[in-house]
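# can you look at this prediction? I've put the sequence above it.
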Amino acid sequence: MKQIQLNKGLSYRTYPHRCEPGSLEFSVTEYSINGKSSSEPDVDQLVDIKEYEGWDTLTLEIEVTIPEGLLGKVFPEFGKIPGMLVVTAHCRETYLRERFVLARDPISSGTYEGTWEFDSKDVKGSVDLRPILIRTTDTSQSMNYATDAGVFVADGPEWRIDISDTSREDQGLLDVRSKSFEEVHEADDDTRFPSSDRFYYLDLEGDPDVPVLWLNEDHEKVTTVIQDAESEHEKVVSDLVWNQVMTPVWTRLVTVAATEYDPDEDDWAPEWQGAVFDELHDELYPDHTPEKTAERLQEDLSESVVLATKKIEGAVQELLEPADYYTKHIQNLAER
């Protein structure tokens with residue numbers, strides 16, 4: 001999609017264990033383009049490099065501090081703390097999902113620094129950086145502490161790297177958020193959200209201008225893996241889950257966008273519909289413009305839903321390449 005924005009600070013109520021959202025101190029202290037002289041960010045939580053064109057590598061100097069007293073709030077152990085400190089990177093437009101490990105267990109309070117390099121071919125638009133503290137081992141101790149390896153226990157403020165101008169696209173993005181569907185139903189019996197057994201919900205009703213993909217935090221193990229995958233196996237599973245979720249999401253988005261398209265209007269309304277056809281027009285009707293693709297698909301849907309949805313299904317598969325993800329998953333299982 002044009003944008004995938006993961007949920008920001010998570011609250012204690014979100015997880016059935018002790019966690020401290022927003023407690024890590026995080027900053028990008030310097031950055032450099034193509035290995036040349038370093039610069040300091042002009043604005044807190046933002047590195048703006050839109051003025052640089054044709055660059056090859058972006059190097060970031062990052063710094064995360066675990067404050068004194070934090071570890072005791074989120075780990076039951078004393079002495080050797082089984083935690084890992086990482087910074088995650090997520091590019092909405094290229095689907096880049098990486099993490100940089102700053103410190104492995106045993107972990108302690110203090111400041112950790114690292115140098116992270118990005119290649120221009122891997123990023124576009126913007127990149128979100130988020131520090132996360134994760135438990136690395138299972139434990140039988142509870143007392144409301146996290147007991148499973150891989151579980152998030154603390155995070156910090158996000159930084160954004162602005163790479164290219166997305167002013168037009170900001171209105172046409174898929175925003176991905178998460179919440180407990182069960183809690184939504186407890187608060188409102190008439191909610192539009194589906195029941196708690198559903199994993200996701202594509203919300204086109206709350207704000208017609210910005211579709212929101214809601215992930216259900218009641219399925220904690222799944223949401224944890226897709227948002228904070230650590231091992232290579234988890235990353236493959238994360239990609240596989242995202243692919244499976246995005247297949248029906250893309251199908252619904254393009255069907256709605258085609259149905260609502262008005263060829264007599266000069267601009268897309270809402271603009272996310274234009275973003276859909278910017279991505280899919282070549283897969284649907286090669287050599288057609290996004291506008292002509294929407295018009296053609298609208299006609300095909302009115303003439304034969306069966307044939308038109310067959311074309312949509314094929315285009316979405318060509319875009320997402322699900323067979324590749326399943327193949328990687330099968331190979332990963334065979335090698336374990």
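Arrived safely, thanks for sending. For clarity, every value in this text was computed on a predicted model and none was experimentally measured. Residues are numbered from 1 along each chain as shown.

# okay, CA-based contacts and neighbour counts for the rest of this
Will do.

# quick one: the strands in the chain?
25-33, 46-48, 57-66, 83-91, 97-103, 110-119, 126-135, 152-155, 159-162, 175-179, 200-203, 212-216 (DSSP state E).

# now those strands in CSV, with distance to T289?
Converted to CSV, these look like this (distance: least, Cα to Cα, whole Å):
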stretch, distance to T289
strand 25-33, 35
strand 46-48, 31
strand 57-66, 32
strand 83-91, 26
strand 97-103, 30
strand 110-119, 30
strand 126-135, 25
strand 152-155, 43
strand 159-162, 28
strand 175-179, 25
strand 200-203, 26
strand 212-216, 26
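
# apart from its chain neighbours, what residue comes closest to G22?
Closest residue in space to G22, ignoring its immediate chain neighbours: G156 at 4.1 Å, by Cα to Cα, 6 or more residues apart in numbering.

# that older thread, dump the strands of the chain to a markdown table, plus mean neighbour count.
As requested, the strands of the chain are exported to a markdown table (neighbours: other Cα atoms under 10 Å):
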| stretch | mean neighbour count |
| --- | --- |
| strand 25-33 | 20 |
| strand 46-48 | 19 |
| strand 57-66 | 19 |
| strand 83-91 | 22 |
| strand 97-103 | 17 |
| strand 110-119 | 14 |
| strand 126-135 | 25 |
| strand 152-155 | 26 |
| strand 159-162 | 20 |
| strand 175-179 | 18 |
| strand 200-203 | 20 |
| strand 212-216 | 23 |
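
# check the gap between the residue nearest to G22 and P76 for me.
21 Å (Cα to Cα, to the nearest Å).

# neighbour count winner among the two?
A direct count of neighbours by other Cα atoms under 10 Å for G156 and P76 places G156 higher, at 25 against 17.

# ok, that one touching P131?
Yes: assessed by Cα atoms under 8 Å, G156 is found in contact with P131 at 5.5 Å.

# joint contacts of those two?
L24, F26 (Cα atoms under 8 Å, 6 or more residues apart in numbering).

# poorly predicted segments of the stretch 101-250 of the chain, please.
Residue ranges of the stretch 101-250 of the chain with pLDDT under 70: 165-173, 228-230.

# nearest residue to H185 in space, please, no chain neighbours.
T191 is the one closest to H185 (Cα to Cα, 6+ apart), at 6.4 Å.

# near that neighbour, how many other residues are there?
12.

# surely it meets E183?
No: assessed by Cα under 8 Å, T191 is found out of contact with E183, at 10.7 Å.

# what is in contact with these two at once?
With Cα under 8 Å, 6+ apart, T191 and E183 have no common neighbours.

# residue boundaries of the helices in the chain?
Ranges of helices in the chain, per DSSP state H, are 70-74, 181-187, 220-228, 232-260, 271-284, 290-303, 305-320, 322-335.

# what distance do you get for the residue of the chain most remote from its centre to R296?
The centre of the chain is farthest from one residue, E303, which by Cα atoms, centre = their mean lies 36.8 Å away. Distance of E303 to R296, given as Cα to Cα: 11 Å.

# check E20 too.
Applying Cα to Cα to E20 and R296 gives a distance of 51 Å.

# same check on F199?
33 Å.

# ok, these two, which is more surrounded?
F199 (19 against 16).

# for that one, list the residues it contacts.
So F199 contacts L215, N216, H219 (Cα under 8 Å, 6+ apart).

# rebuild those as CSV, extending it with distance to V254.
Listed next are the contacts of F199 as CSV, based on distance: Cα to Cα, whole Å:
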residue, distance to V254
L215, 20
N216, 23
H219, 27
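
# which one of those is nearest to L240?
Proximity of these to L240 (Cα to Cα) peaks at L215, which lies at 15.3 Å.

# hmm, F193 and that closest one touching each other?
No: look at L215 against F193 with Cα under 8 Å: they stay out of range, at 10.9 Å.

# shared neighbours of these two, anything?
Y201.

# any idea how far A334 is from Y112?
Relative to Y112, and taking Cα to Cα, A334 is found at 37 Å.

# what's the answer for V306, then?
From V306 to Y112 the distance is 56 Å (Cα to Cα).

# now F181: closest residue in space that isn't a chain neighbour?
S196 (5.0 Å).

# typo on my end, it should be H90
R97 (4.7 Å).

# per-residue confidence at the one you found?
Predicted confidence (pLDDT) for R97: 76.

# contacting residues for it?
T88, A89, H90, C91.

# out of these, which comes closest to D264?
The closest of the contacts of R97, once distances to D264 are taken by Cα to Cα, is C91, at 34.2 Å.

# my read: that closest one touches V127, true?
Yes: C91 is within contact range of V127, at 4.5 Å (criterion: Cα under 8 Å).

# if I look at N332, how far off is E232?
Taken as Cα to Cα, the span from N332 to E232 is 9 Å.

# and those two? Which one has more around it.
N332 (14 against 10).
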